[in-house]
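1. Give me a model of this one.
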Amino acid sequence: MQSIYQRIEELIKERGMTKKAFCEQLGISTGNFGDWKRGKTTPGTNKLIEIASFFNASLDWIMLGRDVQGEALRESRDPYFFGVSGQLDCQGESLSEAEKDFILEYIEFTRFRKEKKQEDSTTE
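-> Numbers count the residues shown, from 1 in each chain. Alright, predicted model coming up:
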């Protein structure tokens, strides 16, 4: 199974970039990048979002190696409301804190992508 670093490295190769150019464009120190390679650390959430946006890749693929293109998430009821109205459409099971965090991070990622698209459309 590939690591996050290996998937990022694959994206860099597909883009035809050098690792140094990638680090420079995303403001990543070569030391931190080396730590990712050695498994000493992994990129933080904000950096993962930035990397996903840069390569137009899904966070699921970068983080977990899962390709979610073509899959559709369909809610049969209202969206999730954590802590206010309880969780809806959970098939009777509660979500773990990690699952809740992932959903909230994905919402943040979606907002980031939307803002970036709006910025890109105003500069054209």
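2. Which parts of stretch 13-30 count as buried, going by neighbours?
-> Neighbour-count burial for stretch 13-30 flags K19, F22, C23, I28 (criterion: 16 or more other Cβ atoms under 10 Å). For the C-beta atoms, the positions are set from N, CA and C on the backbone; glycine is no exception.
3. from memory F22 sits against N32, does it?
-> No. Taking contacts as Cβ atoms under 8 Å, F22 lies outside contact range of N32: 11.9 Å.
4. which of the buried residues of stretch 13-30 sit farthest apart?
-> Largest separation among these by Cβ to Cβ: K19 and I28, giving 9.5 Å.
5. one step back: Serialize the buried residues of stretch 13-30 to JSON lines and add fields for secondary structure, distance to F102 and pLDDT.
-> Putting those into JSON lines (DSSP: H, G, I helix; E, B strand; the rest coil; distance: Cβ to Cβ, whole Å; pLDDT from 0 to 100) gives the following:
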{"residue": "K19", "secondary structure": "helix", "distance to F102": "28", "pLDDT": "93"}
{"residue": "F22", "secondary structure": "helix", "distance to F102": "25", "pLDDT": "93"}
{"residue": "C23", "secondary structure": "helix", "distance to F102": "26", "pLDDT": "94"}
{"residue": "I28", "secondary structure": "coil", "distance to F102": "23", "pLDDT": "93"}
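6. Show me the shaky parts of this structure.
-> 67-93, 124 (pLDDT under 70).
7. What ranges does it have for its strands?
-> In the chain, no strands are found when defined by DSSP state E.
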